[in-house]
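1. Can you look at this prediction? I've put the sequence above it.
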Amino acid sequence: MALVLHAGNTNKNAFKALITAEYTGVNVELVKNFEMGVTNKTHEFLKMNPIGKVPVLETPDGPIFESNAIARYVARLKADNPLLGSSLIDSAHIEQWIDFSSLEIDTNILCWFIPRVGFAVYLPQVEEAAIASLKRALAALNTHLASNTYLVGHSVTLADIIMTCNLTLGFSRILTKSFTSEFPHVERYFWTMVNIPNFRKILGEIKQAESVPPVQSAKKPTQSKEPAKPKAQAEPKKEAAKETAKPKVEDAGEEEAPKPKPKNPLDLLPPSKMILDEWKRLYSNTKTNFREVAIKGFWDMYDPEGYSLWFCDYKYNDENTVSFVTLNKVGGFLQRMDLGRKYAFGKMLVIGSEPPFKVKGLWLFRGQEIPQFIMDECYDMELYDWKKVDINDEAQKERVSQMIEDHEPFEGEALLDAKCFK
């Protein structure tokens, strides 16, 4: 029997159980046609949760409410589930971060967000305190994530699932880029987590809030002594307005053809003699004599008018004290660069035999500048210093060749790893 989760399909607290189910292999079905404010007021729902809050999980042994308890239940349905930790101390740390996420992150995001959208009284001093508390919590989380890919251990745990779901509301509704840029490790962590397949399947595509919602002004009560009478008169007008407006929308839909999707500005550039896919195939298929075949082929193909080359250096190499964390940073960056795959080729080198490790990269982009849509959408770009390659400088040209072929030693140091974006 499938477990039935009662909640709306956009409820971030319901997502906790659904993502946990993906990792656990448990069948959890989201109830159909759930309407907040209606379904959760019915007699049947109130029998499961007397205060009418969501989500509620319906199980063969009875209902469970409170989202963290539901997620724990789903996780425990699998024996020795790694989501719950492999040792007593890991389990305690998972519970620690779940509590931290709920009490320090979620609570303060809600105290900031809920009054601004009209679901609570807006008090500036309360908002100010919530923002200060949230920044304090995010600073602590940022410090922890500076040397950890996950909250506990070396893989996803229930703490990561609950933390990410709580951050999702913030990032998508109120935490703008200008706010979160103060916490780069939290940013890296969040965007890495939401792009893991089991998370992305449930959360979908997340876009960061562009602005803080304006405070909704409270509606003033009517001064009429006979409120029922004007209300009765007003309602037909509203209905009439809806009836007249609706045909206009339908007519517009019939008369106007859908607008074509705007072209990427890079597609409007003059044709280039360099065919990027041909270079990528040459790179992938060259197994021997790489310098003589692939590198020579690259410079033969390269079109300096249609493409540009860029070196990048990670700004915070002193933080790269753990090898697997450093490799995960680079891997996450390449995942988030996927939006530019049609227009780019890249090599990322992790350099050094001992910490702190250096991260350096080489990128080939269509056009003479780094594409603006990549700068806008991929937050990792701000974590690197970028320098355009001068191919008339033989030293820079040789450095390009060495980075493409993973030359070792590179600039006198061993390579820990080399990753390719193609």
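-> Now that the structure is in, tell me what you want to look at. Numbers count the residues shown, from 1 in each chain.
2. Provide the count of other residues in contact range of the closest residue to residue 372 other than its chain neighbours.
-> Using CB to CB, 6 or more residues apart in numbering and skipping the chain neighbours, the partner closest in space to residue 372 is residue 265 (7.8 Å). Placement of C-beta: from N, CA and C, glycine included. Per other CB atoms under 10 Å, the neighbour tally for residue 265 reads 12.
3. same thing with residue 295?
-> For residue 295, using other CB under 10 Å, the count is 20.
4. OK, contacts around it?
-> 401, 404, 405 (CB atoms under 8 Å, 6 or more residues apart in numbering).
5. With residue 159 instead?
-> Residue 159 sits in contact with 93, 94, 95, 96, 97, 98, 101, 151, 152, where contact means CB under 8 Å, 6+ apart.
6. Buried ones among the residues you listed?
-> Using 16 or more other CB atoms under 10 Å as the burial test, those include 93, 94, 95, 97, 98, 101, 151, 152 as buried.
7. can you tell me which of those are in helices?
-> Under the assignment DSSP state H, the buried ones among the contacts of residue 159 contribute 93, 94, 95, 97, 98 to helices.
8. Kindly reformat those as a markdown table containing distance to residue 309.
-> Formatted as a markdown table, those follow (distance: CB to CB, whole Å):
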| residue | distance to residue 309 |
| --- | --- |
| 93 | 44 |
| 94 | 45 |
| 95 | 49 |
| 97 | 42 |
| 98 | 46 |
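9. Name the nearest of these relative to residue 368.
-> Of all these, residue 97 has the smallest distance to residue 368: 45.6 Å, by CB to CB.
10. now the residue lying closest to that closest one once chain neighbours are set aside: how far from residue 410?
-> Ranked by CB to CB, 6+ apart and with sequence neighbours excluded, the top spatial neighbour of residue 97 is residue 159, at 3.8 Å. Distance of residue 159 to residue 410, computed by CB to CB, to the nearest Å: 37 Å.
11. same deal with residue 379?
-> Per CB to CB, residue 379 is found 27 Å from residue 410.
12. Could you point out which residue ranges in the protein have low pLDDT?
-> Residue ranges of the chain with pLDDT under 70: 1, 217-261.
13. can you give me the strands for it?
-> For the chain, the strands defined by DSSP state E occupy 3-6, 28-30, 56-59, 62-65, 307-314, 344-351, 358-366, 384-388, 415-421.
14. Dump those strands into JSON lines; add distance to residue 181 and mean neighbour count as well.
-> Shown next, in JSON lines, are these (distance: least, CB to CB, whole Å; neighbours: other CB atoms under 10 Å):
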{"stretch": "strand 3-6", "distance to residue 181": "35", "mean neighbour count": "20"}
{"stretch": "strand 28-30", "distance to residue 181": "34", "mean neighbour count": "17"}
{"stretch": "strand 56-59", "distance to residue 181": "37", "mean neighbour count": "19"}
{"stretch": "strand 62-65", "distance to residue 181": "37", "mean neighbour count": "16"}
{"stretch": "strand 307-314", "distance to residue 181": "16", "mean neighbour count": "19"}
{"stretch": "strand 344-351", "distance to residue 181": "22", "mean neighbour count": "22"}
{"stretch": "strand 358-366", "distance to residue 181": "19", "mean neighbour count": "22"}
{"stretch": "strand 384-388", "distance to residue 181": "14", "mean neighbour count": "14"}
{"stretch": "strand 415-421", "distance to residue 181": "24", "mean neighbour count": "17"}
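15. Specify the stretch among these that is closest to residue 278.
-> Comparing those by CB to CB, strand 344-351 comes nearest, at 11.3 Å.
16. and that closest one, which strands flank it?
-> Within its sheet, strand 344-351 is paired with strand 358-366 (antiparallel), strand 415-421 (antiparallel), according to DSSP bridges.
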